[in-house]
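> Give me coordinates for this.
(2 chains)
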Amino acid sequence: MTVADESEIKVDIWSDVACPWCYVGKRRFERATAAFGGKVLVEFHSFELAPDTPVDFAGSEVDFLVRHKRMPHDQVEQMLAQMTSLAADEGLAFDFAALQHTKTLKAHELLHHAKTVGKQVELKERLLKAYFEQGVHVGHTDNLVALAGDVGLDPAVAQQALDSGRYADDVAADIAQARALGINGVPFFVFDGRVGVSGAQPSDVFTDVLDRVARQEVSP
Amino acid sequence: MTDRDSEPVGEPDTPSMAGLVMMGEPGAGECVDGVCAVPTAGDQPRD
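Numbering: from 1, shown residues only, chains lettered A, B, ... in the order given. You can find the predicted model right below:
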């Protein structure tokens, strides 16, 4: 975790690209930061929800949940429909029929690369949009390089970063830190290293936390 | 009835986790182990 200056609140967010609640929670959190008005520094941290997923999973999101998580087909269909509706409430157009389920390790490596050049927040949004709304396979390096280019990253440098695997240890460190904090699910938000918020809470919860942290009301 | 803004935060009965004071409804809108539970109709979080 980097250190924020005294006038801003640092928020560390553990999330995965393949996490619908993370995208919904991101929108709610963004609305809260806009309402809060103060300076907020965001850093995203890696978390793989399903690290055993193959890069080239043959099947749909429904197939993944039915086959790998042993959930009843009807329940999965209902769950995804509800999630699509919840996302629509946040202005997001989830397309689970087009979604290409994949392992997100390389996407997380790219997010770490983007952080080194101040583009992590932009890339996070681009990856989530690509995955949930545009049916882009975010496990393939060529697609990731193209998405990196979309947010102004040098494609050649991004390609080299992914090919070398130089950020794999950073991804692992984020996940280890999550485990140390007791984080089992995402999204998970840590405000100034002292207040935790689990899940895509309503935006007024995030605003309340930001206000309280800014007023130094919360102490462990 | 209490004034929510005047309630102390970080008291012993406040949920905590690994040194963090936890705020918000526990487990709301969360993905765990690849599964993202959603509320059933009628109990979706208000925003």
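> Pretty sure A:Val197 is one of the things A:Gly25 touches, is it not?
No - if you go by C-beta atoms under 8 Å, A:Gly25 and A:Val197 don't touch, sitting 9.1 Å apart. All C-beta atoms are positioned from the backbone trio N, CA, C, and that covers glycine.
> Common neighbours of those two, please.
Overlap between the neighbourhoods of A:Gly25 and A:Val197 consists of A:Phe189, taking contacts as C-beta atoms under 8 Å, 6 or more residues apart in numbering or on different chains.
> can you give me the strands in chain A?
For chain A, the strands defined by DSSP state E cover A:8-15, A:39-46, A:185-186, A:188-191, A:195-198.
> chain center to stretch A:57-66: distance?
Computed by C-alpha atoms, centre = their mean, to the nearest Å, the separation of stretch A:57-66 from the middle of its chain amounts to 20 Å.
> Return the alpha-carbon coordinates of it using CSV.
What follows is stretch A:57-66, C-alpha atoms only, in CSV (Å, rounded to 0.1, in the frame of the first residue of the first chain):
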residue,chain,number,x,y,z
PHE,A,57,-12.4,-22.2,-20.5
ALA,A,58,-14.7,-23.9,-23.0
GLY,A,59,-18.2,-22.8,-22.1
SER,A,60,-20.3,-19.9,-20.9
GLU,A,61,-20.6,-18.3,-17.5
VAL,A,62,-23.6,-20.5,-16.8
ASP,A,63,-21.5,-23.6,-17.7
PHE,A,64,-18.7,-22.5,-15.4
LEU,A,65,-21.0,-22.1,-12.4
VAL,A,66,-23.0,-25.3,-13.2
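> ok, and for it, which residues are buried?
Of the residues in stretch A:57-66, those buried under the neighbour-count criterion (16 or more other C-beta atoms under 10 Å in any protein chain shown) are A:57, A:60-62, A:64-66.
> try stretch A:136-151
Neighbour-count burial for stretch A:136-151 [16+ other C-beta under 10 Å]: A:136-140, A:143-145, A:147-148, A:151.
> just stretch A:183-193 next, same as before
Result for stretch A:183-193 [16+ other C-beta under 10 Å]: buried residues A:183, A:185-192.
> who's in contact with A:Asp52?
A:Asp52 sits in contact with A:His68, where contact means C-beta under 8 Å, 6+ apart.
> I figured B:Gly27 hits A:Gly185, correct?
Yes - at 7.3 Å, B:Gly27 and A:Gly185 qualify as touching, with contact defined as C-beta under 8 Å.
> which neighbours do those two share?
Any residue near both B:Gly27 and A:Gly185 by C-beta under 8 Å, 6+ apart counts here, and that gives A:198-199.
> need the contact list for A:His113.
A:148, A:153, A:157-158, A:161-162, A:167.
> A:Val157 now?
Residues in contact with A:Val157, defined by C-beta under 8 Å, 6+ apart, are A:His113.
> mind checking how far it is from A:Leu147?
14 Å (C-beta to C-beta, to the nearest Å).
> list the helices and strands the least confident helix or strand in chain A by mean pLDDT packs on?
The weakest-scoring helix or strand in chain A, judged by mean pLDDT, DSSP states H and E, is helix A:61-67 (a mean of 90). With contacts taken as 3 or more C-beta pairs under 8 Å, 6 or more residues apart in numbering or on different chains; DSSP states H and E, helix A:61-67 sits against helix A:73-89.
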